[in-house]
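Asker: predicted model and sequence follow; I will ask about them next.
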Amino acid sequence: GSTVVEIIRSVWLTRSQKKKHLPLLTDFPVLRPQNTKVINLDVGALAPRLGYVSDILHSWNRDVEKWAPTSSPIWIAASGRDDVASATIKKGSWNTVWRGAEKLRERIADLLNVYPDDIIFVTSTTRAIDVALECSQPALVITTDQEHDSEYRLLDLMSHKYGTRVVKIPVIGNVSREGWEADFVERVVNASTGNKETVLLLSHVCFANGWVLPVQDICTRLSKLNPRVPVIVDGAHAIGQLEVSLAGFPFRFYAFSGHKWLFGPPSLGILVLSQEIRLNNDQLHKRLLLEVYEALAVRQGPLDERTSTISLDPLAGLAASIAGIAEPGFPEVWRNLKDLNHTIAHYLVNECEHAEKLPSLGPKVSDGILNVQRKGTRFSLHELRDARERLEREHFVVTKVVSDPLSLRLCIPFYLRFDEVQTAIRAVDRVFSKI
């Protein structure tokens, strides 16, 4: 029954894609959201997890719930010591992906081409950036006008605590689109080289519009002109969405989360340190170790009740998510994201009367993010919020309203199927027609 239906569905989808001259999308039957009724075009902390990850966490919680968070069996599970764990905690399906916090650290290090010693676990991207700022305590922070609101709040706090001055560089200047990148790099580098106590904070991929900023070029230029300026990169919307190698990348701190484009549970941030901190800046490294006091935060950290406990759920969940995505492989995920972006753009151009994709004003745009507005007269912020509410309430399609550019932001999950693309974009066009 269900097998026959799936075969018929697959044949129909393939014919539909070929008829429209669209790329054939990859199906990821194991890596599907836990709530299949909702088409979630967002990757925030409240977005549904992969069903596979949810199942692993259910197995994990069932097996460890009878132990206190600071008991020795939990520390054994955290360390991944199989020789002892078998005698204490019954091992369920979670044991197929969880080999302890240090193995997860090593897997992330392999993904990014960094050393496991340079990876610190904290509770969010914001917390990771907070650690980097607190350790630096700069007199001046150079940033952009495209950063997340949580980072601006951190900078406001730095201003009140330390008198830090903040300068925002507009991402879009007064040059043609073709000359945008060279102009932006020049403006950021020039603003960052005049003060010894300066920190540069900028996103790898801008959260609101998917603009990919030339962070490696900026870091390379700064490392030659003023190597004392630390660069903090917010990679929350880069890791998992783009292929990112941090080997040879002259950043000081690189922060991201486990729940966005890696589709793990919320409440886990990852702070990657430059190797230079560990090898050549002993004072800063000691300051970091004082700032990140949670157990398991640093490699080979203490595992006992004298330290602040950190929840193992997001660690186990991220281990499951990375292992699941590694089965088809990240290159296949990135290829499918590109095909999904092409497919959605096709529908917006050829089959929508009321909705359209907004063009980029200069920067390259990542494949996983696009912005939609009404054709002709643009929606106001109030109208866009109304559209978002109707999409969720009437069509079970989840999006996000952003202000720059004022639009609905669509984050495309790699597992989206062709019929879900059709359903979501037609729902957007239908809702837009009613407002």
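Answerer: All right, it came through fine. Residues are numbered from 1 along each chain as shown.
Asker: skipping adjacent residues, who's closest to Cys135 in space?
Answerer: Closest residue in space to Cys135, ignoring its immediate chain neighbours: Arg287 at 5.0 Å, by Cβ to Cβ, 6 or more residues apart in numbering. No exception for glycine: its C-beta is placed from N, CA and C like everyone else's.
Asker: please identify the helix or strand for the one you found.
Answerer: Following DSSP states H and E, one finds Arg287 within helix 282-291.
Asker: which strands or helices does that helix pack on?
Answerer: helix 125-136, helix 275-280 (3 or more Cβ pairs under 8 Å, 6 or more residues apart in numbering; DSSP states H and E).
Asker: same question for it: list its buried residues.
Answerer: Using 16 or more other Cβ atoms under 10 Å as the test for burial, helix 282-291 gives Leu284, Arg287, Leu288, Glu291.
Asker: in a markdown table, list those along with pLDDT and distance to Asp339.
Answerer: Formatted as a markdown table, those follow (pLDDT from 0 to 100; distance: Cβ to Cβ, whole Å):
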| residue | pLDDT | distance to Asp339 |
| --- | --- | --- |
| Leu284 | 79 | 43 |
| Arg287 | 79 | 45 |
| Leu288 | 78 | 41 |
| Glu291 | 77 | 42 |
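Asker: picking that back up, which one of the helices and strands packed on helix 282-291 lies nearest to Gly194?
Answerer: Closest of those to Gly194 is helix 125-136, at 16.8 Å (criterion: Cβ to Cβ).
Asker: mind listing what Ser407 touches?
Answerer: Going by Cβ atoms under 8 Å, 6 or more residues apart in numbering, Ser407 touches Leu358, Asn371, Val372, Gln373, Leu384, Val401.
Asker: phi, psi for it please.
Answerer: Per-residue torsions, Ser407: phi -170, psi 170 (degrees, to the nearest 10).
Asker: any idea of the pLDDT on it?
Answerer: You'll see Ser407 listed with a pLDDT of 96.
Asker: please name the nearest non-neighbouring residue to it.
Answerer: Using Cβ to Cβ, 6+ apart, the closest residue to Ser407 is Asn371 (3.9 Å).
Asker: quick check, the one you found in a helix?
Answerer: No. If the criterion is DSSP: H, G, I helix; E, B strand; the rest coil, then Asn371 is strand and not within a helix.
Asker: that one touches Val401, doesn't it?
Answerer: No. With contacts counted by Cβ atoms under 8 Å, Asn371 stays clear of Val401, the gap being 10.3 Å.
Asker: joint contacts of the two?
Answerer: With Cβ under 8 Å, 6+ apart as the test, Asn371 and Val401 both reach Ser407, Leu408, Arg409.
Asker: help me confirm that the last one comes into contact with Thr399.
Answerer: Yes. Contact status for Arg409 versus Thr399: in contact at 6.6 Å, counting by Cβ under 8 Å.
Asker: helices of the stretch 101-250 of the chain, start to end?
Answerer: Along the stretch 101-250 of the chain, the segments classed as helices by DSSP state H, counting those that start in this stretch run 101-112, 125-136, 149-162, 180-192, 215-225.
Asker: just name the most buried of the ones you listed.
Answerer: helix 125-136 (a mean of 23; mean count of other Cβ atoms under 10 Å).
Asker: and that helix, what does it pack against?
Answerer: Where contact means 3+ Cβ pairs under 8 Å, 6+ apart, helix 125-136 is packed against strand 119-122, helix 149-162, strand 198-203, strand 231-234, strand 253-257, strand 269-273, helix 282-291.
Asker: the same query, at a cut-off of 6 Å, please.
Answerer: helix 149-162, strand 253-257, strand 269-273, helix 282-291 (3 or more Cβ pairs under 6 Å, 6 or more residues apart in numbering; DSSP states H and E).
Asker: out of the ones you listed, name the one with the poorest average pLDDT.
Answerer: The bottom spot among these, by mean pLDDT, belongs to helix 282-291, with a mean of 77.
Asker: what's the angle from that one to strand 253-257?
Answerer: On the basis of axes from the mean of the first three to the mean of the last three Cα atoms, to 10 degrees, helix 282-291 is oriented at 20 degrees to strand 253-257.
Asker: tell me the first helix or strand C-terminal of helix 282-291.
Answerer: The helix or strand immediately downstream of helix 282-291 is helix 313-326, counting by DSSP H and E.
Asker: what angle do that next one and helix 101-112 make?
Answerer: Relative orientation of helix 313-326 and helix 101-112, computed by the same axes, to 10 degrees: 40 degrees.
Asker: any weak-confidence spans in the stretch 201-350 of the chain?
Answerer: 293-294, 300-310 (pLDDT under 70).
Asker: equivalent analysis for the stretch 51-200 of the chain, please.
Answerer: 69-70, 80-92, 174-176.
Asker: show the contacting residues for Arg378.
Answerer: Contact analysis of Arg378 by Cβ atoms under 6 Å, 6 or more residues apart in numbering lists nothing.
Asker: so the spatially closest residue to Ile325 that is not a sequence neighbour is in which element?
Answerer: Spatial nearest neighbour of Ile325, excluding adjacent residues (Cβ to Cβ, 6+ apart): Val333 at 6.0 Å. For Val333, the element it lies in under DSSP H and E is helix 330-350.
Asker: what residues are up against Arg221?
Answerer: Arg221 neighbours (Cβ under 6 Å, 6+ apart): Val189.
Asker: ignore what I typed, I meant Gln216.
Answerer: Counting by Cβ under 6 Å, 6+ apart, Gln216 makes contact with Phe249.
Asker: what about it, distance to Leu246?
Answerer: Going from Gln216 to Leu246 by Cβ to Cβ, to the nearest Å gives 9 Å.
Asker: go on, Val97?
Answerer: Counting by Cβ to Cβ, the gap between Val97 and Leu246 amounts to 24 Å.
Asker: before we move on, the earlier item: which one of the shared contacts of Asn371 and Val401 is nearest to Lys196?
Answerer: Nearest member of the shared contacts of Asn371 and Val401 to Lys196, counting by Cβ to Cβ, is Arg409, at 38.1 Å.
Asker: ramachandran coordinates for that closest one?
Answerer: phi -90, psi 130.
Asker: ok, now which ones touch it?
Answerer: Arg409 sits in contact with Asn371, Lys400, Val402, where contact means Cβ under 6 Å, 6+ apart.
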